[in-house]
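Undergrad: Got a predicted structure here, sequence first:
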Amino acid sequence: MNTITLLRNRAINSARRILIASNNPSFFLSPLHHHANDFPQPRFNLHRTQNPHPFRILGFRHESIGAHNRDVSTIARAGFKLRNFSTSIETRGGDNTFERIYIQSGVNVKPFTVESVHKGEENDVREEESLVEKQAWKLLKDAIVTYCGNPVGTVAANDPGDKSPLNYDQVFIRDFIPSALAFLLKGDNEIVKNFLLHTLQLQSWEKTVDCYSPGQGLMPASFKVRTVAIDGDTQEEVLDPDFGESAIGRVAPVDSGLWWIILLRAYGKITCDYSLQERVDVQTGLKMILKLCLTDGFDMFPSLLVTDGSCMIDRRMGIHGHPLEIQALFYSALRCSREILVVTDETNDLVRAINNRLSALSFHIRQYYWVDMKKMNEIYRYKTEEYSMDAINKFNIYPEQIPFWVMDWIPEKGGYLIGNLQPAHMDFRFFTLGNLWSIISSLSTQKQSESILNLMQEKWDDLVGHMPLKICYPALDNEEWRIITGSDPKNTPWSYHNGGSWPTLLWQFTLACIKMGRIELAQKAADLAEKRLPVDSWPEYYDTRSGKFIGKQARMYQTWTIAGFLTSKMLLKNPEKASMLFCEEDYDLLEYCVCGLSQRGRKKCSRIAAKSQILV
């Protein structure tokens, strides 16, 4: 391990010296045959066709064109990840004629691999698939759904003993994400491309609930392939989408469009096929989702206002308002959109709106959702009823609402992002998906991300136990359970969404750990899952405080349980691929603020406070 660390440091330091030594950056920048999304898209290039070849670094990579073997050196890996050195190219708001390009040396950069690997030797370096992985791949392929002879997704669960599958025989957008990543990492790209295009065709179909239709741009929660009879004996396959009009509670899926954007970016990164995201219909669908999310409303917060049950927790669990999970996915989708949106005169306003929202959202979440021991002490001594622009307790939080459990639970050297924030209300529950995706998307700061993983390691028995990972902690019980869940018999304490353990969260935990250089935590969790999942027939979720029992109503052979395990294993074997799926800190967002463009007399929000968060 010491030798690998020494080689890694030498490689990265060599790359930095090469980048910093020359006073003429153009010496290193040269157009090569590769797509612009390997690097940040220059915002001053309004038409991609004017400059189809991006900047690449010479001297870092040797490729034999047309040959099957490719030599990738340690310096090549460092150079290939130029994004990790925070290259920034932007147009300043309010000044359309001034562009700035700079390269910051790697702040908080943690490289993933440094060993020299030859293409022909990769199979010798990587571990062979275990029997459990081979079984999982067979089950995943058996879950594939075809439409007109082409694969378009995977069913939610494929349990042969299930007599009443309900909607588990449909293709869910959020459920298919780990399946899509598993296929992409395996090199099976067709099913993912078909899924992206066919779900795009379903966008905003005329679906109604009591004569009312959802907003334009909404993506369905799921779809099903049905066979309908047409003229005579002729039959035809059709896709039947569900926008929530058949779902429990009739709630529209806010997260579907966000996941679709995240997958679209991942497809281009992993396959290097960027023609899909540049298609006119794909760009149109992308803009429709963005406009729906960025529409002005009555809310004063940059976070998205949603109802209960609008995400992975799709039943009443008291997450209405501004739940962390939606904000983290929203932030990630906006970051992805900046990379894949074709910038033209028509989309300039949309790009500006994305930048404004990213800047405001990151500041809002980092400043007001974060709790650690220091912040808990501040909240504990809050003064209320403060009416001014300079109020410290901006949301009028009453200290009496701090639950007793959190005072003893939060560790000295850890912290997390709370589940929700509204006027006079802080939901102190720990929601795993929101915190993990905040790390992956860099919504949380470097220090906050490290503290989240510190907390998860410190509270391993509570959040992992016998099966990773708890969807939230702690569970609602007694009178609180009755009032908040509506006496939901499926969300009883420590079951399903109410503190149940969901193995599908493993791949996101793995991705967050790799990003933060804590791969041993992910490996420990994956080893736990590998021992139990095949024996227990790959259940949907686990019950009890420690995740010891199979969920009382869990489906077996749950597809995203299988796919989440496979994706996690592939990322652990090839951690360098993880860099294609997460986002590094964008320091320019801390400087970009719409308030600074205003000439009005209102007080500007503090960018100094925002910048300081990346240094602590």
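TA: Yes, it's here. Residues are numbered from 1 along each chain as shown.
Undergrad: Near the closest residue to residue 351 other than its chain neighbours, how many residues? Count them for me, please.
TA: If you skip the residues right next to it in sequence, residue 351 has residue 343 as its closest partner in space, 5.9 Å away by Cβ to Cβ, 6 or more residues apart in numbering. Yep, even glycine has a C-beta here, placed from its N, CA and C like the rest. Neighbour count for residue 343, taken as other Cβ atoms under 10 Å: 19.
Undergrad: do residue 299 as well
TA: 11.
Undergrad: do residue 458 as well
TA: Neighbour tally, residue 458, other Cβ under 10 Å: 16.
Undergrad: Run through the residues that contact the residue lying closest to residue 271 once chain neighbours are set aside.
TA: Distances taken as Cβ to Cβ, 6+ apart place residue 189 nearest to residue 271, at 5.2 Å, with adjacent residues excluded. Residue 189 is in contact with 183, 267, 271, 273, counting by Cβ atoms under 8 Å, 6 or more residues apart in numbering.
Undergrad: Check the residues you listed for burial and list the buried ones.
TA: 183, 267, 271 (16 or more other Cβ atoms under 10 Å).
Undergrad: Just those residues: which are in helices?
TA: Using DSSP state H, the subset of those located in helices is 183, 267, 271.
Undergrad: quick check, nearest of these to residue 447?
TA: Of all those, residue 267 has the smallest distance to residue 447: 32.0 Å, by Cβ to Cβ.
Undergrad: Name the nearest residue to the closest one, sequence neighbours excluded.
TA: Looking at residue 267 with Cβ to Cβ, 6+ apart, the closest residue is residue 192, at 5.6 Å.
Undergrad: Which strand or helix spans that neighbour?
TA: helix 190-201 (DSSP states H and E).
Undergrad: contacts for whatever helix or strand comes next after that helix?
TA: Next helix or strand after helix 190-201 toward the C-terminus (DSSP H and E): strand 222-229. Here strand 222-229 makes contact (Cβ under 8 Å, 6+ apart) with 145-147, 152-153, 156, 167, 169-173, 175, 198-199, 202, 235-242.
Undergrad: just to revisit the earlier point, if I look at the residue nearest to residue 267, how far off is residue 480?
TA: Here residue 192 is placed at a distance of 41 Å from residue 480 (Cβ to Cβ, to the nearest Å).
Undergrad: And those two? Which one has more around it.
TA: Using other Cβ under 10 Å as the criterion, residue 192 and residue 480 rank with residue 192 on top: 27 against 13.
Undergrad: can you pull the contacts of the more buried one?
TA: Contacts of residue 192 by Cβ under 8 Å, 6+ apart are 180, 183-184, 263, 267.
Undergrad: ditto for residue 204
TA: Counting by Cβ under 8 Å, 6+ apart, residue 204 has contacts 214-218, 288.
Undergrad: and residue 346, how many neighbours?
TA: 10.
Undergrad: Confirm it sits in a strand?
TA: No - secondary structure of residue 346 (DSSP: H, G, I helix; E, B strand; the rest coil): coil, not part of a strand.
Undergrad: so what pLDDT did it get?
TA: pLDDT recorded at residue 346 is 90.
Undergrad: how close does it get to residue 287?
TA: 9 Å.
Undergrad: Ok, residue 150 next?
TA: 26 Å.
Undergrad: So between these two, which is more surrounded?
TA: residue 287 (17 against 11).
Undergrad: Confirm for me that residue 309 is in contact with residue 323.
TA: No - using Cβ atoms under 8 Å, residue 309 is not in contact with residue 323, being 10.3 Å away.
Undergrad: Pick out whichever of these two has more residues nearby.
TA: Neighbours were counted for residue 309 and for residue 323 using other Cβ under 10 Å; residue 323 has more, 30 against 23.
Undergrad: What are the phi and psi values at residue 240?
TA: phi -110, psi 110 (degrees, to the nearest 10).
Undergrad: cool, residue 585 as well?
TA: phi -60, psi 130.
Undergrad: Chain neighbours aside, what residue packs nearest to it?
TA: residue 442 (4.8 Å).
Undergrad: how much space between the one you found and residue 329?
TA: 13 Å.
Undergrad: These two - which one has more neighbours?
TA: A direct count of neighbours by other Cβ under 10 Å for residue 442 and residue 329 places residue 329 higher, at 28 against 22.
Undergrad: name the element that one belongs to?
TA: helix 324-340.
Undergrad: Also compute the angle for the following helix or strand past that helix relative to helix 324-340, please.
TA: In the C-terminal direction, the helix or strand that comes right after helix 324-340 (DSSP H and E) is helix 348-368. With axes from the mean of the first three to the mean of the last three Cα atoms, to 10 degrees defining the directions, helix 348-368 sits at 140 degrees from helix 324-340.
Undergrad: Quick one: list the elements packing against helix 348-368.
TA: Helix 348-368 sits against helix 280-294, helix 324-340, helix 607-612, with contacts defined as 3 or more Cβ pairs under 8 Å, 6 or more residues apart in numbering; DSSP states H and E.
Undergrad: how about 10 Å then?
TA: For helix 348-368, the packing partners by 3 or more Cβ pairs under 10 Å, 6 or more residues apart in numbering; DSSP states H and E come out as strand 87-91, helix 280-294, helix 324-340, strand 415-422, helix 432-441, helix 607-612.
Undergrad: Contact partners for the residue nearest in space to the middle of the chain?
TA: By Cα atoms, centre = their mean, the chain has its centre lying nearest to residue 437, at 4.7 Å. Under the criterion of Cβ atoms under 10 Å, 6 or more residues apart in numbering, the neighbours of residue 437 are 258, 262, 324-325, 327-332, 431, 443-444, 508, 511-512, 582.
Undergrad: rerun at 7 Å
TA: Taking Cβ atoms under 7 Å, 6 or more residues apart in numbering, we find residue 437 in contact with 328-329, 332, 508.
Undergrad: and those residues, which are buried?
TA: Of the contacts of residue 437, these count as buried by 16+ other Cβ under 10 Å: 328-329, 332, 508.
Undergrad: now, which of those residues sits nearest residue 373?
TA: residue 328 (22.9 Å).
Undergrad: OK, contacts around that closest one?
TA: With Cβ under 7 Å, 6+ apart, residue 328 has these contacts: 434, 437-438, 441, 443.
Undergrad: swap in residue 497?
TA: 313, 315, 317, 471, 491.
Undergrad: Same list, these, but as TSV with pLDDT, distance to residue 539 and secondary structure please.
TA: Formatted as TSV, those follow (pLDDT from 0 to 100; distance: Cβ to Cβ, whole Å; DSSP: H, G, I helix; E, B strand; the rest coil):
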residue	pLDDT	distance to residue 539	secondary structure
313	96	18	coil
315	95	18	coil
317	97	20	coil
471	98	14	coil
491	97	17	coil
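Undergrad: out of the contacts of strand 222-229, which are buried?
TA: Counted by 16+ other Cβ under 10 Å, the contacts of strand 222-229 give 145, 147, 152-153, 156, 167, 169-173, 175, 198-199, 202, 239, 241-242 as buried.
Undergrad: quick one: low-confidence ranges for the chain?
TA: Counting by pLDDT under 70, the chain contains low-confidence ranges at 1-127, 205-209, 592-616.
Undergrad: Now do the strands in the stretch 501-616 of the chain.
TA: 542-543, 549-550 (DSSP state E, counting those that start in this stretch).
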